[in-house]
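A.B. asks: Sequence first, predicted model second:
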Amino acid sequence: MPGKLKVRIVAGRHLPVMDRASDLTDAFVEVKFGNTTFKTDVFPKSLNPQWNSEWFKFEVDDEDLQDEPLQITVLDHDTYSANDAIGKVYIDIDPLLSNEAAAILSGWFPIYDTIHGIRGEINVMVKVDLFNDLNRFRQSSCGVKFFCTASIPKCYKAVTIHGFVEELVVNEDPEYQWIDRIRTPRASNEARQRLISLMSGELQRKIGLKVLEMGGNAVVGYLQCFDLEGESGLVVRAIGTACTLDKLSNTATSLLPPCSSPSKDLKEVPFSEDPNPVTHSSGPSTPLKNQTYSFSPSKSYSRQSSSSDTDLSLTPKTGMGSGSGGKDGGPLKTLYRQQTQSAFEHREFPFFTLTTFPPGFLVHVGGVVSARSVKLLDRIHNPDEPETRDAWWAEIRQEIKSHGKALGCHAVVGYSESTSICEEVCILSASGTAAVLNPKMLQDCSMEGCSEHRLSRQPSFFSTGSEKGEFDFFLQCQDSASILGLDDTSSQGCSFCHIPYDELNMPFPAHLTYCYVCRKQKVPDVLFTTIEPPLEAAVTGKGCLIQARLCRQKKKTQGEANATAISNLLPFMEYELHTQLMNKLKLRGMNALFGLRIQITVGENMLMGLASATGVYLTALPSPGGIQIAGKTPSDSSYEQHISNMQKKINDMIIKNREIYEINPPEILEELFGSPIPESRQRSRLFRSQSESSDDVSELDLSHGKKDAFVLEIDDADAVEDIHSLLTDAPTPAGFYSCNTETMPGINNWTSDLQMFTSVRVFRLNNVTSLTSHGLNKAFSDLCENLLKTLYFKLRSMVPCCLCHVNFNVALPEDELIQVAVTAVAITYDKDQAQCIAKACTDRTLLKASTENEDQLQFTLELCMESQSSQSAVHFSPSKVTESGNLQQVTPATQRVVSLDKASPLTEAHTRHRSPVSCTTSTVTVVEMTPLSFIPGAKITKYLGIINMFFIRETTSLREEGGVSGFLHAFIAEVFAMVRAHVAALGGNAVVSYIMKQCVFMENPNKNQAQCLINVSGDAVNFFKDADVESASSQPQTSGLQIGNGSGDVVT
Amino acid sequence: MAVELDVFVGNTTLIDKDVYQLWLDGYSVSDAVSIRIQSGILEQSGATPDVLESDTMDHYRAFQMLERLLHSPPKLINQLLFQIPPPMQSMLIEKYYTFDEPFVREVLGKKLSKGTKKDLDDVSAKTGITLKSCRRQFDNFKRVFKVVEEMKGPLVGNIQQNFLLSDRLAGDYAAVVFFANNRFETGKKKLQYLTFEDFASCAEQLIQNWTLGAVDSMVDDMDVDLDREFLQDLKDLKVLITDKDLLDQHKSLVCTALRGKVSTFSEMEANFKTPVSMGAIHGNHQKLHYEDVPRVTVPEAS
């Protein structure tokens, strides 16, 4: 009985009228936790009842505290008939369980009913008294913090990054139980909401246990998903990265401890300690059926095949060696020692869900690895042993891992998993970025951190030479040199681009050149990744959102045949998406993709593919060549004319795009390296396969065979269409930029004006079958383009602004319906200032460079090649500027208003609209929501806990509620409101890393019915705007700009 | 390909003032779209008509959801559903309760009953204001009237407290409520040249000086009803209408009293008319016919 939960019901307001006769309500409240229920008195005849109840006390296990939600039901008392429910509030008390979290949860919560939506509000206070339980066999994991944020949260420092944690929980879906036939829709929805709440609590607790076993105290990059498998059940699964985090005492300091120089760290690492090769039983291309990893540990490790308790042994354990042995240096709590031993087994998958890393953590990036698998769902017979689902995911993860190895990488970062389900077919997907990480950072991010429990398998991953037996890798002096020579290149922001694999034995054909920054290491000509652009990355110009869209028809079939048909289609879809991405990237004159996310959605008679990424020009990579069109058919003159016209259009477009995105790589370099347009080059980093047919597919060469990838051959009408679609992508309107990453490379002074939004559209395709595949593609592409256009129009008052973290979600709810949901945040930035700062920095660099090298003309080159002095290089890298720009150079609000006024006629209203909010009369706290992990122009001072909410809304009066649009509009607004209320009750004023993970919408217009499920999550935080913490140094710069640049940039 | 569903929801509710005005003016979505197109917005933003339509629809939906809250502005301030910055909230309320001059001239002093509401289509036809907008304005009158009708305390303050309106607009509503309560006929031909503003300042003076609340602020503080004693006194004035001599005498007396005190004296003297001409007084239902009341109340106020 280690916890006491105390709840007090204070008051209600704006309650609905429940008694028609008196136009009033006799409301009372039931408070339920676990199996205990308390009731307040009835407050008669009022729509604003004041209950002022006593503190209701629940004495409960901390296991229950973690699993169960607090359930508050508001009812209308009725003397003669059954009491009518007004609505409910579910409160997840997990945020109260951490020792540093809010002490009390108190505030107004919307009273929510799954049929009527929000019906009034209730003021509730919740407290938890927790007695710490040090029992090592405990089933609870109170105190482990969860973060959706996929980076080390601000105001924490990472002591250790332990690695991948995963878990899944299965149950029957109440919607499909027999009892559902006799109960009301409301009861069914509530049963479902409660179950999912319970399951996610349980899942979090189990993951927390794993984290404790690994010796961690937090999970970052926590991603929880629901698979609504219908008849076969409900799966809740989660992945994350276990960490040991330390709270920074002074939140104003930078997000990371001053890391010692990597090279120094390396020397301390038991790097040479582990020269023994790791033998790997299977090659990279074959699926790992029996996962026999034999791993011979070095002397210092005691071999120990541990299997944890039943709850944890869900993934097939492979031979794992781990140990703490004599290496136990740190004065670590003995409690953890044994737990940490078993923690190493999780390194079975060296995956990291993080997308942003501490500087120096990421050594090299290999490229995107992905795996997909088509499965037929069957009923989960024993929910306590969901072996099949676990086995499926284990299989996919193994595949990812082996792909990573093939790229010469020991780890996968930016890792994520997803599913798409249609009837009984399910596509499981996983993707990430193969990478080489700094072992020192992995084990120990801070100097004093204990090294004992981190003598995991890292060394074996890192000694690249040890893998040569397996992969026929040469002992790579080059590679290890690059690791050791890390401090040379990392400061220039190019090291992560250097290839981690062996040049002579490349896993795929690729065109390599010497790095354009340091000229020492080889780089590929194109780089695809799923991560955020590293802070230290040297980027030229700005980035942009690039999307590849694809729609494929398939026959309506059942069962096995259906699965086979889908898995046969998948490789072609991936190939085509990849080609589209590549072409669009070239068209924008860029050479790298970040944040790549490929979503394949399965429907009854269609497969949709949507790949989104942010294209950038990495300074280290070679300049991309153009696109050449070649006609195949023997030419007549008009045809050739046509082709040359198109060629001209494409060339113009590339030039225009280079202007828009300000891509002006130093010309000198171009000449020096002399790589004119079409040379054969190969850039495909996409590795994928279907487990159904992985043997042949994983070898799939996505690099257009032997042909030159730049040449688009027009041999049929399809190819013409392809090119047309390439050219019809509407450019973003002036003043707008968009990206699907958190920050936009090249824009660095965000103002604190932000607007998060969700937009959902459902399209009906008429006669899908009569459409050609190109017609379908075009329809889908138009759909996405139109949606983006609408967003730009709606947000025009925020110009100049950037849509960040643009996240598309495609679903195929019915035969001819396509549903696209977009969540993103629009952030304004100060255009004038951006230029000024960039200019100032360049000037400064120039100055520095000139004083140091006495050569102004080729200073970049000089800097890279000769003086490795890191200071000047750092100053030059734009992203460094971002960092400092964020912290210091905040625009004074007044100035911003002025510039806005000039920009658009509409702004008068909107400047007023966005003026700093003072809640003089209102009791409602303003809560910002953003999908980003930070709030521009503000500092996060405290993380208050994870928000993970699941709502169902149903209606039987669709027309009366304004049709499907009215229904969904209201529901999304309600979800936002409930998230905000919870954050405010925790004492927060923002949600960061907000994501709408699911939005399942079903309608039946004939019956006037609709139902929608929404799942959202994020981190509740407290922040304060640092407009007043402005550094004095930024002032002169700003004012100087206003004078100099003021009139030049009025037109946006 | 048809759009079945199309929504946009921002964490901070996006509100376009222009669209809000169109909605308030009672235009349908398609009318609003064509008006917006005429305003040249497409050229400015490079958008297409379907984008504009989708945007307009979104706004209209949001306004419809907000309307329920606008009926009781304090609710709008404290609700959790829409996050709207306070300045925008006040703008929404103020504009929602703003009424058109031609409309109010038609309705002022009429009983705010269902019967009057039924005649709104005539009003709409006469004034050129859409029926929808007329209904909104009429319902606003009626709602404010109902809430403050039985309330004690100063009328303007009550309206402000319950509807969070600006001083000026609250004053206007006080006039509307006052006229509606006392059923002063303002539609007479003779009064046609008077603007609502004239009536409003008249009402302000009446409330300040002649209502129950003005006479005795302690007891039964009501601003809506005229002081009973004052009405009795008015009865005695009736004689002025019927007897020309008495009227002249009254005129000269008033003029003597005011000579030198009022700057616009000569103008006043020329235009002197009976301050109040009363038809009949039946119990509590007073029917007063005003003639040129504002001009008379000016000296009183000064």
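C.D. replies: Happy to help now that I have it. Residues are numbered from 1 along each chain as shown, chains lettered A, B, ... in the order given.
A.B. asks: is the closest residue to chain B within the stretch 1-150 of chain A in a bridge, and if so with what?
C.D. replies: Nearest residue of the stretch 1-150 of chain A to chain B (Cβ to the nearest Cβ) works out as A:Pro110 at 5.3 Å. Quick note: C-beta positions are derived from backbone N, CA and C, even for glycine. Beta-bridge pairing for A:Pro110 (DSSP bridges): A:Glu121.
A.B. asks: tell me the contacts of the residue lying closest to A:Thr160 once chain neighbours are set aside?
C.D. replies: Among residues not flanking A:Thr160 along the chain, A:Thr244 sits closest, at 4.3 Å (Cβ to Cβ, 6 or more residues apart in numbering or on different chains). By Cβ atoms under 8 Å, 6 or more residues apart in numbering or on different chains, the residues touching A:Thr244 are A:158-160, A:162, A:215-218, A:449.
A.B. asks: Can you add pLDDT and give those residues back as JSON lines?
C.D. replies: JSON lines is the format used below for these (pLDDT from 0 to 100):
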{"residue": "A:Ala158", "pLDDT": "85"}
{"residue": "A:Val159", "pLDDT": "85"}
{"residue": "A:Thr160", "pLDDT": "84"}
{"residue": "A:His162", "pLDDT": "86"}
{"residue": "A:Gly215", "pLDDT": "86"}
{"residue": "A:Gly216", "pLDDT": "88"}
{"residue": "A:Asn217", "pLDDT": "88"}
{"residue": "A:Ala218", "pLDDT": "90"}
{"residue": "A:Gly449", "pLDDT": "31"}
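A.B. asks: out of these, who's nearest A:Ala730?
C.D. replies: A:Ala158 (41.8 Å; Cβ to Cβ).
A.B. asks: Which helix in chain B has the most residues?
C.D. replies: As assigned by DSSP state H, the longest helix anywhere in chain B is helix B:49-70.
A.B. asks: From the contact counts, what lies against that one?
C.D. replies: Packing partners of helix B:49-70 (3 or more Cβ pairs under 8 Å, 6 or more residues apart in numbering or on different chains; DSSP states H and E): helix A:773-794, helix A:963-985, strand B:2-10, helix B:17-24, helix B:29-38, helix B:41-45, helix B:73-78, helix B:86-97.
A.B. asks: quick one, which of the ones you listed is packed in tightest?
C.D. replies: Mean neighbour count, computed with mean count of other Cβ atoms under 10 Å in any protein chain shown, is highest for helix A:963-985 among those, reaching a mean of 24.
A.B. asks: for stretch A:63-80, which positions count as buried?
C.D. replies: Neighbour-count burial for stretch A:63-80, counted by 16 or more other Cβ atoms under 10 Å in any protein chain shown, picks out A:63-77.
A.B. asks: on that earlier part again, residues of the longest helix of chain B that come out buried?
C.D. replies: Buried positions in helix B:49-70, judged by neighbour count with 16+ other Cβ under 10 Å: B:51-63, B:65-66, B:69-70.
A.B. asks: Quick check: mean pLDDT of it?
C.D. replies: Taken as a whole, helix B:49-70 has a mean pLDDT of 93.
A.B. asks: From the chain's centroid, how far away is that helix?
C.D. replies: 26 Å (Cα atoms, centre = their mean, to the nearest Å).
A.B. asks: Check what contacts that helix and list those residues.
C.D. replies: Helix B:49-70 is contacted from outside by A:786, A:789-790, A:793-794, A:962, A:965-966, A:969-970, A:973, B:3, B:6-8, B:13-16, B:19-20, B:22-23, B:29-30, B:32-33, B:36-37, B:41-42, B:75-76, B:79, B:81-82, B:92-93, B:96, using Cβ under 8 Å, 6+ apart.
A.B. asks: How about stretch B:133-140?
C.D. replies: Under Cβ under 8 Å, 6+ apart, the answer for stretch B:133-140 is B:24-26, B:96-97, B:99-100, B:103-104, B:107, B:112, B:116-117, B:120, B:123-124, B:127, B:129.
A.B. asks: and the residue of the stretch 251-400 of chain A found nearest chain B, helix, strand or coil?
C.D. replies: Residue nearest to chain B within the stretch 251-400 of chain A: A:Thr355 (22.6 Å; Cβ to the nearest Cβ). Judged by DSSP: H, G, I helix; E, B strand; the rest coil, the three-state class of A:Thr355 is coil.
A.B. asks: can you pull the contacts of it?
C.D. replies: A:150-151, A:221, A:413-414, A:530-532, A:595, A:742.
A.B. asks: What is the most widely separated pair among those?
C.D. replies: Using Cβ to Cβ, these span at most 14.9 Å, a distance reached by A:Val413 and A:Glu742.
A.B. asks: For these two, indicate the residue with more neighbours.
C.D. replies: A side-by-side neighbour count of A:Val413 and A:Glu742, using other Cβ atoms under 10 Å in any protein chain shown, places A:Val413 first with 29 against 24.
A.B. asks: Report the beta-bridge partners for the more buried one.
C.D. replies: A:Thr433.
A.B. asks: ok, back up a step: which one of the contacts of A:Thr244 is nearest chain B?
C.D. replies: Of the contacts of A:Thr244, the one sitting nearest to chain B (Cβ to the nearest Cβ) turns out to be A:Ala218, at 26.7 Å.
A.B. asks: Can you verify my assumption that the closest one contacts A:Ser141?
C.D. replies: No: applying Cβ atoms under 8 Å as the test, A:Ala218 and A:Ser141 come out as separate, 11.0 Å apart.
A.B. asks: mind listing the strands for chain B?
C.D. replies: Assigned strands in chain B, in chain order: B:2-10, B:276-282, B:285-290 (criterion: DSSP state E).
A.B. asks: Straight-line length of stretch A:32-40, end to end?
C.D. replies: 12 Å (Cα to Cα, to the nearest Å).
A.B. asks: Please apply the same query to stretch A:86-103.
C.D. replies: 29 Å.
A.B. asks: sorry, back to before: out of the helices and strands packed on helix B:49-70, flag the one nearest A:Pro359.
C.D. replies: helix A:963-985 (30.4 Å).
A.B. asks: Quick check: mean pLDDT of that closest one?
C.D. replies: 94.
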